[in-house]
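> Sequence plus the predicted model coming up.
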2 protein chains.
Amino acid sequence: MGRVDCEVVVIGAGLSGLVAARRLEGAGLSVRVVEARDRVGGRLLNVEVGGGQVVELGGQFVGPVHHRVSRLLDELGIQTFRTYNKGLHLSESQGRLVRYRRVPRLSVVGLLDAGLAIRRLDRAARQVPLERPWEAANALDLDQETAETWIRRTVRSHFGRSTLRLFVRGLFSAEPENLSALHLLTCVHAGGGFFPMASTTAGAQQDRVVGGSADICTRLSSQLSSPVWLGSPVRRLCWSDDSVVAESDSGSLRGHLAVMALPAALAACIDYRPALPADRSQLMQRMPQGNVIKSVAVYDEPWWRAEGLSGQAASDEGAVSATYDSTPPAGSPGVLTAFVEGRRAQQLSRLSFKDRRETIVGCLERFFGPRARNTCSWHELDWSAEEWSRGCYGAHLPPGVWTQYGPALRAPVGAMHWAGSETATQWPGYMDGAVASGERVAAEILGRRPPAGLGRTPTNK
Amino acid sequence: MGRVDCEVVVIGAGLSGLVAARRLEGAGLSVRVVEARDRVGGRLLNVEVGGGQVVELGGQFVGPVHHRVSRLLDELGIQTFRTYNKGLHLSESQGRLVRYRRVPRLSVVGLLDAGLAIRRLDRAARQVPLERPWEAANALDLDQETAETWIRRTVRSHFGRSTLRLFVRGLFSAEPENLSALHLLTCVHAGGGFFPMASTTAGAQQDRVVGGSADICTRLSSQLSSPVWLGSPVRRLCWSDDSVVAESDSGSLRGHLAVMALPAALAACIDYRPALPADRSQLMQRMPQGNVIKSVAVYDEPWWRAEGLSGQAASDEGAVSATYDSTPPAGSPGVLTAFVEGRRAQQLSRLSFKDRRETIVGCLERFFGPRARNTCSWHELDWSAEEWSRGCYGAHLPPGVWTQYGPALRAPVGAMHWAGSETATQWPGYMDGAVASGERVAAEILGRRPPAGLGRTPTNK
């Protein structure tokens, strides 16, 4: 196994790492990317559903609110199409399944309750400074309680609380008690508020990527001057202020600086020499990944459309908390995507594949009727069992972590710069946040004065 | 680097791993212990303070409430002596430093407030089943809030709250918001209640170990038939239901079963083949280590004794939250031990050694007067910067973790059995819990039917 020299070593070939690598190469630096998996894309992953069509087992949605992703897609010449959003949506709560077009057909009181809860969430979120949440006026109070107790304290009505809990699960694939109120409010502010985040039309779920979102990473990596080192987990990282040697299963990469573009839970597992400073080490023990099982049910055709249904359902009761119509742009095969999040994902991940599938199909049948049973094929991914992600959609911060370790989140450590969607101040946890974080670390690195005598292309030694 | 075969591989030569190894050898099994550090003892660590005397930079106290440790000390022929507990104690709160003999000289109201808070804590704790905290009647509610909001909700008075917060910091070296109320109550029940845990006389701090507590581990390891493999971090663990191969920096150990006697934050960093089940992987992302800096100020003699002071102080204000007289049994040199815990440890760990020492000496001076400045020597350990502990005193469970992942805490995974003080149902986080956990995994392993053809002593291959 050889050693390769370059200026910047990028650890992790997910979206943030590849965006950083492309920027840095574009600025004339020599870059190498090393990746634990045998593929690029990280939490973006396509699966074939027949006829050359793909859908996503990982991150899937983009929207007009995601300016960075939109620009990147334009640059790469990748098209988007609208998430199917016609017909009636379904909402299940308190044992009742209701159909609705724009807002659930609830009592006026229920609607007012939900509206009030959302307004309170948005107002509180706007008070949190995005760059330094720990400096919010009431940061300590908000960080001392869970999002769950904040919801209970702030919202009195059953439907208001249920609305926010569903939103939290959908955002973090974690339970509201797993994160601090400060973390919830920070992320809501960073996403522009409840409606931009929760909406399909004009919101974060409006669009999908032709060819599947993972294609973004495939194209980014193909534009790099050197191929990504796949199947090469970095086991050891020797570092100083201006040098790194990343020892992977395929050999070593030596550079002046490093982009750490992997989840904190994985970054914590590298053998750092010297050991990391206490702040960083402690922070990385306190950023668990969420817990989601994403299932893809494939049918001959999207039969629910003809029945006037959008394929979108939300439930605060069963195993499946949300579904979407994920039919490819060609219009067939028909695809329903089901999300099992947080506590329910943890419960379902203990079941056998067969029992898990039965549970999820049972939910789809409850939502959409008996035809939901007639699947042609079935795909699922329990992201918490993925060794090189250890959970999805992303990391969350439990109570106390922002106010104790927040400043360590983006602070470089010697030659190491920390990327990853969770470090973004806009749309953390989304693809847009990943792009933002890649651009930020690239700018950080380009802003450092490079040691003399660099600029050569990578050489094998 | 060779490979050694044995029946049980013990990973971690802290107290729990060594106790397990000794038990298993005692039952006739062949055992090998592998350890990342170049010493045994884990979070137990002696430091020389002159004249052949030692004090502890790690775990220090035992008490008559610790039956397992007491029995172990008897078996090893190790003596204990009383923690110095004469004279006046100090308590600092709301800008006032008060001296007291048995209970702080507070207003009657203040004493009633503290008494009421403690009674509420103990009563609530007794409702939590030790083996299965997630089955407590109100487990979900208690797990959905932080210990901080539980304290605020349950205790109204300033002094009552302050008493419990100090207790939490002293127990977990974490802030009350870092853990769930369910975790606090579980641990309080497991320690028999506030007074056995917080007390010197008749409590968990009554006694100290002649020769320093780390001597327990030195003696345990010297009784093993094979030397512990020191300086040998296990990087990879190949496992099945009845076999393990632990690949360390010094070679491989092959066995039928494994004792995992290391903190979850470190166990999470091993490269498991196959990858761990989701439950276990997620749990280990959610058990951060606490944060404590322990300092040892050495003086010619314990001058505070002559001034009628016990050397014990507690503060809810400054950097130092607690001090003890840690003078060796010989009576000299004089030693004051200062604990900086939780948020304050994290703040102090960013300072230079000099500034940190100045801050801590400043606290000692405030407590004990200007003579506190005249140290002969000074020792400190920031446990959060320790690569092979990643924090002390131990791990805590943030909100939601007990009810989502609790059953995974002690459940064997294939051939792997999980030890460590945090897994104990009595005195978790204490030396006694470490002993208990070592005994439990030994019993688990002896209760498994061993594959045929085993019983030979380790052989080099």
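On my side now, so go ahead. Numbering: from 1, shown residues only, chains lettered A, B, ... in the order given.
> How many residues are close by residue A:198?
Applying other CB atoms under 10 Å in any protein chain shown, we find 18 residues neighbouring residue A:198. (Each C-beta comes from the backbone N, C-alpha and C, glycine too.)
> likewise the one 4 residues further on?
Burial of residue A:202, expressed as a neighbour count using other CB under 10 Å, amounts to 12.
> Tell me who's in contact with it.
Taking CB atoms under 8 Å, 6 or more residues apart in numbering or on different chains, we find residue A:202 in contact with A:63-65, A:196.
> Which residue, other than its chain neighbours, is closest to residue A:146?
Nearest residue to residue A:146 in three dimensions, chain neighbours excluded: residue A:177, at 4.5 Å (CB to CB, 6 or more residues apart in numbering or on different chains).
> and the one you found, how far is that from residue B:181?
Between residue A:177 and residue B:181 the computed distance is 10 Å (CB to CB, to the nearest Å).
> So these two - more neighbours on which side?
Neighbour comparison, residue A:177 and residue B:181: the larger count goes to residue A:177, with 31 against 26 (by other CB under 10 Å).
> Would you mind giving me the confidence score for the more buried one?
Reading off the confidence values, residue A:177 has pLDDT 98.
> Spell out the residue ranges of the helices in the stretch 301-450 of chain A.
A:303-306, A:343-348, A:353-368, A:401-405, A:431-447 (DSSP state H, counting those that start in this stretch).
> Kindly compare burial across those helices and name the winner.
helix A:401-405 (a mean of 26; mean count of other CB atoms under 10 Å in any protein chain shown).
> Mark out where each domain of chain A begins and ends.
Domain segmentation of chain A under automatic domain parsing yields A:3-42+A:214-287+A:397-460, A:46-86+A:203-212+A:289-385, A:107-198.
> mind putting the helices of the stretch 301-450 of chain A in JSON lines, distance to chain B and mean pLDDT included?
Listed next are the helices of the stretch 301-450 of chain A as JSON lines, based on distance: least, CB to the nearest CB, whole Å; pLDDT from 0 to 100:
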{"stretch": "helix A:303-306", "distance to chain B": "31", "mean pLDDT": "98"}
{"stretch": "helix A:343-348", "distance to chain B": "5", "mean pLDDT": "95"}
{"stretch": "helix A:353-368", "distance to chain B": "12", "mean pLDDT": "97"}
{"stretch": "helix A:401-405", "distance to chain B": "5", "mean pLDDT": "98"}
{"stretch": "helix A:431-447", "distance to chain B": "20", "mean pLDDT": "98"}
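> which one of those lies closest to residue A:35?
helix A:431-447 (14.4 Å; CB to CB).
> Identify each buried residue in the lengthiest helix in chain A, please.
Ordering each helix of chain A by length in residues (DSSP state H) puts helix A:108-126 first. The neighbour-count check on helix A:108-126 (16 or more other CB atoms under 10 Å in any protein chain shown) flags A:110, A:113-114, A:116-118, A:120-122, A:124-125 as buried.
> so how far is that helix from its chain's centroid?
25 Å (CA atoms, centre = their mean, to the nearest Å).
> pLDDT on that helix, on average?
pLDDT averaged over helix A:108-126 gives 91.
> What of stretch A:57-69?
97.
> Out of the contacts of residue A:202, which end up buried?
So, by 16+ other CB under 10 Å, the buried ones in the contacts of residue A:202 are A:63, A:65, A:196.
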